[in-house]
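Peer 1: Task: produce atomic coordinates for the following.
(one chain, ligands or ions: 1)
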Amino acid sequence: MAPTTIQSTRSDLPLIELRNVTCGYGGRVILENVNLEVRRGEVLALIGTSGGGKTTVLRLLGRQLRPLSGQVLFDGQDLAPLNLEQLYAVRRRMGMLFQFGALFTDLSVFENVAFPLREHTSLSEVMMRDLVLMKLNAVGLRGSRDLMPSEISGGMARRVALARAIALDPDVVLYDEPFAGLDPISLGVAARLIRDLNDALGLTSIIVSHDLHETFEIADRVAMVANGRVVAQGTPDELRNSEDPLVKQFVGAHADGPVRFHQPAAPVAVDFGLGVAA
Ligand SMILES: Nc1ncnc2c1ncn2[C@@H]1O[C@H](COP(=O)(O)OP(=O)(O)OP(=O)(O)O)[C@@H](O)[C@H]1O
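Peer 2: You can find the predicted model right below:
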């Protein structure tokens, strides 16, 4: 019998790839020649200085922003030439949880999670109910389905937003500051949940976060964005042990280093009128 040949499949490809991407806003370049791979099944953390361009990377992935040059690929497909219908089909494969995961305040927990299903599918009410309850169960909130957003805590609201982000069974979930404003216990719970859901549902996750401790606990790999570039990529341990001064300053939270505390400004004496000859 002829030996079985194992075909190379698309699963060998990274799920997401930025190839030499340069982009910006209104002529101002924010990211320059950035290369980044997101592998299937991994939790990738994007960290870096404020305003460094982390959220901008997420915008590229949904084509809310187009590169000036270079390519953004999702599942091997360049996003640039897609028409709107194709783009929406790709976006449906991406769950998004943005800062504070704003819920619809006039909809119950159940209806918040059902919302994307009602928008994008024509499932029967029975199927919809089962799916919503499965997602709520996955985040531990099946029993809270009838509560309104005003009746739940911030940590619970974040979990509802997470259930909503995975309602359509996406391939990848993009998290922008998922831990912002959470107390340390809720933060730990949310982080563990992101990791567990990623593994249990076979997702890929990208987390933009300033909470390095929690993020390093759950990430497979970390990419640091600063000065318009991905300055470091590696496992959490590799970044912790990095000798790169920028990475050391950031990961060690040192005030002094390549990133200066003071943004460029006129000399203090000038602004405060001290000893400046008239
Ligand atoms: N819509 C926009 N129009 C113009 N400039 C923008 C826009 N969005 C972001 N910027 C600028 O692009 C840069 C990168 O912003 P981005 O939000 O990607 O940074 P970030 O790394 O996510 O920051 P933070 O950690 O503070 O959220 C910043 O200098 C910001 O002022």
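
Peer 1: show me where the chain has strands.
Peer 2: 16-25, 28-38, 43-48, 69-74, 77-78, 94-97, 172-176, 204-208, 221-226, 229-234 (DSSP state E).

Peer 1: Can I get these in TSV including mean neighbour count and mean pLDDT?
Peer 2: For every residue, glycine as well, the C-beta is placed using N, CA and C. Below are these laid out as TSV (neighbours: other C-beta atoms under 10 Å; pLDDT from 0 to 100):
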stretch	mean neighbour count	mean pLDDT
strand 16-25	18	96
strand 28-38	18	94
strand 43-48	25	95
strand 69-74	18	97
strand 77-78	12	95
strand 94-97	21	90
strand 172-176	23	94
strand 204-208	25	96
strand 221-226	23	94
strand 229-234	18	92
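
Peer 1: Leu60: which of those is closest?
Peer 2: When the strands of the chain are compared by C-beta to C-beta, strand 69-74 sits nearest Leu60, at 5.1 Å.

Peer 1: strand partners of the closest one, parallel vs antiparallel please.
Peer 2: strand 16-25 (antiparallel), strand 77-78 (antiparallel) (DSSP bridges).

Peer 1: check contacts around the closest residue to Asp211 other than its chain neighbours.
Peer 2: The shortest distance from Asp211 to any non-neighbouring residue, by C-beta to C-beta, 6 or more residues apart in numbering, is to Phe179 (4.7 Å). Contacts of Phe179 were listed using C-beta atoms under 8 Å, 6 or more residues apart in numbering, and they are Leu187, Ala190, Ala191, Ser209, Asp211, Glu214.

Peer 1: Can I get the buried part of those as one ChimeraX selection?
Peer 2: Here is the ChimeraX command that selects the buried residues among these (16 or more other C-beta atoms under 10 Å):
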select :187,190,191,209,211,214
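
Peer 1: which one of the contacts of Phe179 is nearest the ligand?
Peer 2: Checking the contacts of Phe179 against the ligand by C-beta to the nearest ligand atom gives Ser209 as the nearest, at 9.0 Å.

Peer 1: residues in contact with Gly53?
Peer 2: Ile30, Leu31, Val225, Gly228.

Peer 1: so the third one makes contact with Ser50?
Peer 2: So the one you mean is Val225. No - taking contacts as C-beta atoms under 8 Å, Val225 lies outside contact range of Ser50: 10.8 Å.

Peer 1: Go through the strands paired with strand 69-74 and name the closest to Ser242.
Peer 2: Nearest to Ser242, of all those, is strand 16-25, at 21.1 Å by C-beta to C-beta.

Peer 1: Quick one: check the closest one for contact with the ligand.
Peer 2: Yes - contact of strand 16-25 with the ligand (C-beta under 6 Å from any ligand atom) involves Tyr25.

Peer 1: what about Met127, how many neighbours?
Peer 2: Using other C-beta atoms under 10 Å, Met127 has 12 other residues around it.

Peer 1: Quick one, which of the strands paired with strand 69-74 gets closest to Asp183.
Peer 2: With distances scored as C-beta to C-beta, the stretch of the strands paired with strand 69-74 nearest to Asp183 is strand 16-25 (31.8 Å).

Peer 1: angle of the closest one against strand 229-234?
Peer 2: 150 degrees (axes from the mean of the first three to the mean of the last three C-alpha atoms, to 10 degrees).

Peer 1: Could I get the CA-only coordinates of strand 16-25 as PDB?
Peer 2: Extracted in PDB, the C-alpha atoms of strand 16-25 (Å, rounded to 0.1, in the frame of the first residue of the first chain):
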ATOM      1  CA  ILE A  16      -2.600  36.500  11.000                       C
ATOM      2  CA  GLU A  17       0.400  38.100   9.500                       C
ATOM      3  CA  LEU A  18       1.600  41.600   9.200                       C
ATOM      4  CA  ARG A  19       4.200  41.800   6.400                       C
ATOM      5  CA  ASN A  20       6.300  45.000   6.300                       C
ATOM      6  CA  VAL A  21       3.400  47.100   7.300                       C
ATOM      7  CA  THR A  22       3.700  50.900   7.400                       C
ATOM      8  CA  CYS A  23       0.600  52.800   8.500                       C
ATOM      9  CA  GLY A  24      -0.500  56.000  10.100                       C
ATOM     10  CA  TYR A  25      -3.200  58.600  10.400                       C
END
